[in-house]
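Q: My questions concern the predicted model and sequence given below.
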Amino acid sequence: MEANRLKFQLVKTNTPPWWMRSLIPVLVLLITFLITSGLILISQVNPFQAYYYFLVSPLSSQVSFLEVLVKATPLMLAGVAISFAFSAGYYNIGAEGQLYAGAIAAAWLGIVLVGVPSIIAIPLMLIGGFLAGMLWALLPALLKVRLAVDEVVTTLLLNSVMAYIVSALLNGPWRDPHSGWPQSPEIADSTIFFKLIPRSRLHLGFLIALIAVFVLWFVLTRTSFGLKMRAVGLGKPAAQFAGIHVGRTTLIAALISGGIAGIAGVSEVAGIQYHLIGDLSAHYGYTGVIIATLGGLNAIGVMVASLFFGLIDTGAQTVSRALGVPVYLGEVTQAVMLLVALGMYLLQRYRIVRRA
Amino acid sequence: MEIFLVNLIAATLRVSTPIVLAAIGETYSERAGILNLGIEGIMFFGAFAGFFAADQSGSLWVGLLVAIFTGVLAGLLMGLLTVTLGVNQHVSGLGITLLLTGLALFGFRLVYGGRSTPPSIPSFKALEVMPDNPILGPILSQYWLTYVTFLVIVPLAWWILYKTNLGLKIRSVGENPEAVDAAGVSVPAVRYAVLAIGGGLMAAGGAFLSLAQLGAFTHGIISGRGWVAIAIVIFGNWHPVRVMLGGLIFGGTFALQLRLQAMGLQLPIPYETFLALPYIVTIIALVIAGRNASYPAALLKPYRRE
């Protein structure tokens, strides 16, 4: 009713013009940086100078460029994990908990597998982490498929339960007996991920993240299961009508999603920290939702988005050290980018038409 | 034992206050069909904004009002995304939580720097009702916001939702927006309104922690209380009084756990079991309710006229 008073109206279009589709990412970036400039100005810093340190300087040295890739690793894995679930219309908000499930498995296997050569130990850790993440994703997935219990709430609540399990482990059996710190014993040398480039922090996890991106692309575009997943994601009744086993497809997508999130946990334990700590994840599981959304649930999109977020995370540290802008600028920028993109997404599907 | 119980009850009321405030806010918006996952961030930002404004102005009341105002704004932003633009509610809500968490941390670091001792302000004082009574005295010695929450906010929510025309509109928008629209009620207006009210209540819950309970702002000030609120809204079946009971049960287990820890008791189970309990109970409640859970039928569904 009130919309009728406006001079313009939104008309649904099926195919946005090509220039619009390529323009949107640019617009999203511009608007995002315009908004976050406000925060930089409040910090009494020149935005252009800040954006140099934020976005350009991390790419200008090898050390900081590799750091971008290190930061992108867990984000890429989380983004792939979320994309698997969301593609099948299963809104897994529980990647954070599934990541920690994988991390617990890695921390445990890292202690038990002392003396086992890397070539066996590392694959075992990856399998263990995958299974642990899958296991933690199993309950909400089963509840969804069998009892139609909404997965958003159950996966979200299980994140908090997992946080308490981690806390109970670190304050109980795994508390460091010498220092008293809440951190698990250091994992065996043979279970530590090798470095991709000597004397850097870039580890095997990055390679695994790239493989995960490839798997996502392959499954979604080259397999019949991927087709089924996307059909279920687009509409359950229609998929059912087409003879697709909706429950089984949803369940498998949810479990793969949990497993990959678990691998993200393994990668952080075996590649970066070498033990389980309470702050292992800087809410990567939630950022994964942003990355999957920004990437359009598409493998290349997820890869680009996570690399860009890795750049933002690294750049936020640079700009904080160099100019004293609080490091949380990174988080704010990522969230603003998501909200702007969500708004812009609408432009893609609608055309603004002047009323006659 | 008597002192233990008296202190436990008093602590339960205090601990439940922010959760109940936020959960009632969430109840309003879910009743109209919007799951607001921005709740955790709105509480966090409310805690920061309240603290900052109170510190700058020297008035706790200004702090509380500013906090509520930021909550209303955040609610309207959620409305812009989910009502006007029709964007996926979970993604919008999580986006708002990440945005407000980041903004609050950014603002706090900017204003107060990375001090090792967190700044603090003189907080609201508890009201002294019947200070001489050994049992009722400690129990009734609560912050005024606790009184307002349990004696005004909860009954008012029940009255509005079940006894007024507005409440009927809110509930109908959450059940059957097409019918409400046909009856000439603006679905977007109702949804924006509940998101604004809800956001204000969530932020007030956050500000209670920084202005009354702690008199300070810390990074862990909310630590998942928003998610607890989401859980007890479902546990309470979207009914304000039952939601309040859920909040009290959570507050009780939390207070008990704190007390047992403080007494240095060696329990056979880790104390985290108590903290995880509300989440597990909620999931069990969801399973038992199963398909019959009286979810507002239009929850998570954007409404757009064809």
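A: Yep, it's here. Just so you know, these numbers come straight off a predicted model, no measurement behind them.
Q: Spell out, range by range, the helices that occur in chain B.
A: For chain B, the helices defined by DSSP state H cover B:2-31, B:39-57, B:60-79, B:89-112, B:136-140, B:144-148, B:154-163, B:165-175, B:177-182, B:187-208, B:225-235, B:240-262, B:272-289.
Q: Which other helices and strands does the last one contact?
A: The helices and strands touching helix B:272-289, judged by 3 or more C-beta pairs under 8 Å, 6 or more residues apart in numbering or on different chains; DSSP states H and E, are helix A:118-147, helix A:151-171, helix B:225-235, helix B:240-262. Backbone N, C-alpha and C define where each C-beta goes, glycine included.
Q: re the thing from before, kindly present the helices of chain B as TSV, with separate columns for mean pLDDT.
A: Shown next, in TSV, are these (pLDDT from 0 to 100):
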stretch	mean pLDDT
helix B:2-31	92
helix B:39-57	96
helix B:60-79	97
helix B:89-112	94
helix B:136-140	80
helix B:144-148	91
helix B:154-163	96
helix B:165-175	93
helix B:177-182	90
helix B:187-208	96
helix B:225-235	89
helix B:240-262	87
helix B:272-289	82
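Q: Out of the helices and strands packed on helix B:272-289, indicate the one that is most buried.
A: Among the helices and strands packed on helix B:272-289, ranked by average contacts under mean count of other C-beta atoms under 10 Å in any protein chain shown, first place goes to helix B:225-235 (a mean of 27).
Q: how about the helices and strands packed on helix B:272-289, which one is nearest B:L8?
A: With C-beta to C-beta as the criterion, B:L8 lies closest to helix B:240-262 of these, at 5.7 Å.
Q: which secondary structure elements does that closest one contact?
A: Against helix B:240-262 (3+ C-beta pairs under 8 Å, 6+ apart) you get helix B:2-31, helix B:154-163, helix B:225-235, helix B:272-289.
Q: what's the most buried one of the ones you listed?
A: helix B:225-235 (a mean of 27).
Q: which SSE is the most centrally placed residue in chain A in?
A: When chain A is reduced to its mean C-alpha position, the nearest residue by C-alpha atoms, centre = their mean turns out to be A:G288, at 2.1 Å. Using DSSP states H and E, A:G288 maps to helix A:284-294.
Q: got it, and A:G102?
A: Secondary structure assignment for A:G102, by DSSP H and E: helix A:95-112.
Q: Show me which residues of the stretch 101-250 of chain B are close to chain A?
A: B:101-103, B:105-106, B:109-110, B:186, B:224, B:227-228, B:230-231, B:234 (C-beta under 8 Å from any C-beta of the partner chain).
Q: Distance to B:P177 added to these, as a markdown table?
A: Below are these laid out as a markdown table (distance: C-beta to C-beta, whole Å):
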| residue | distance to B:P177 |
| --- | --- |
| B:T101 | 31 |
| B:G102 | 33 |
| B:L103 | 32 |
| B:L105 | 37 |
| B:F106 | 37 |
| B:R109 | 42 |
| B:L110 | 42 |
| B:S186 | 10 |
| B:G224 | 32 |
| B:W227 | 27 |
| B:V228 | 29 |
| B:I230 | 22 |
| B:A231 | 26 |
| B:I234 | 21 |
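Q: how about the helices and strands packed on helix B:240-262 in a markdown table, adding distance to A:W217?
A: Shown next, in a markdown table, are the helices and strands packed on helix B:240-262 (distance: least, C-beta to C-beta, whole Å):
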| stretch | distance to A:W217 |
| --- | --- |
| helix B:2-31 | 37 |
| helix B:154-163 | 48 |
| helix B:225-235 | 33 |
| helix B:272-289 | 34 |
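Q: So which of the ones you listed is nearest A:Q49?
A: With C-beta to C-beta as the criterion, A:Q49 lies closest to helix B:225-235 of the helices and strands packed on helix B:240-262, at 36.3 Å.
Q: about what we covered before: any chance of the helices of chain B in JSON lines with distance to A:A261 as columns?
A: What follows is the helices of chain B, written out as JSON lines (distance: least, C-beta to C-beta, whole Å):
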{"stretch": "helix B:2-31", "distance to A:A261": "26"}
{"stretch": "helix B:39-57", "distance to A:A261": "20"}
{"stretch": "helix B:60-79", "distance to A:A261": "26"}
{"stretch": "helix B:89-112", "distance to A:A261": "15"}
{"stretch": "helix B:136-140", "distance to A:A261": "45"}
{"stretch": "helix B:144-148", "distance to A:A261": "39"}
{"stretch": "helix B:154-163", "distance to A:A261": "37"}
{"stretch": "helix B:165-175", "distance to A:A261": "32"}
{"stretch": "helix B:177-182", "distance to A:A261": "35"}
{"stretch": "helix B:187-208", "distance to A:A261": "28"}
{"stretch": "helix B:225-235", "distance to A:A261": "18"}
{"stretch": "helix B:240-262", "distance to A:A261": "27"}
{"stretch": "helix B:272-289", "distance to A:A261": "18"}
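Q: so how far is the helix or strand hosting A:G265 off the chain centroid?
A: For A:G265, the host element (DSSP H and E) is helix A:246-268. In terms of C-alpha atoms, centre = their mean, to the nearest Å, the centre of helix A:246-268 is found 12 Å from the chain centre.
Q: quick one: average pLDDT of that helix?
A: Confidence over helix A:246-268 (mean pLDDT, whole number) is 97.
Q: Pull out the buried residues from that helix.
A: Residues of helix A:246-268 classed as buried by neighbour count (16 or more other C-beta atoms under 10 Å in any protein chain shown): A:246-247, A:249-268.
Q: A:I272 contacts A:V70, correct?
A: Yes - counting by C-beta atoms under 8 Å, A:I272 does reach A:V70; the two are 7.4 Å apart.
Q: Of the two, which one has the most company?
A: Using other C-beta atoms under 10 Å in any protein chain shown as the criterion, A:I272 and A:V70 rank with A:V70 on top: 21 against 16.
Q: residues touching that one, list them.
A: By C-beta atoms under 8 Å, 6 or more residues apart in numbering or on different chains, A:V70 lies in contact with A:201-203, A:206, A:272, A:310.
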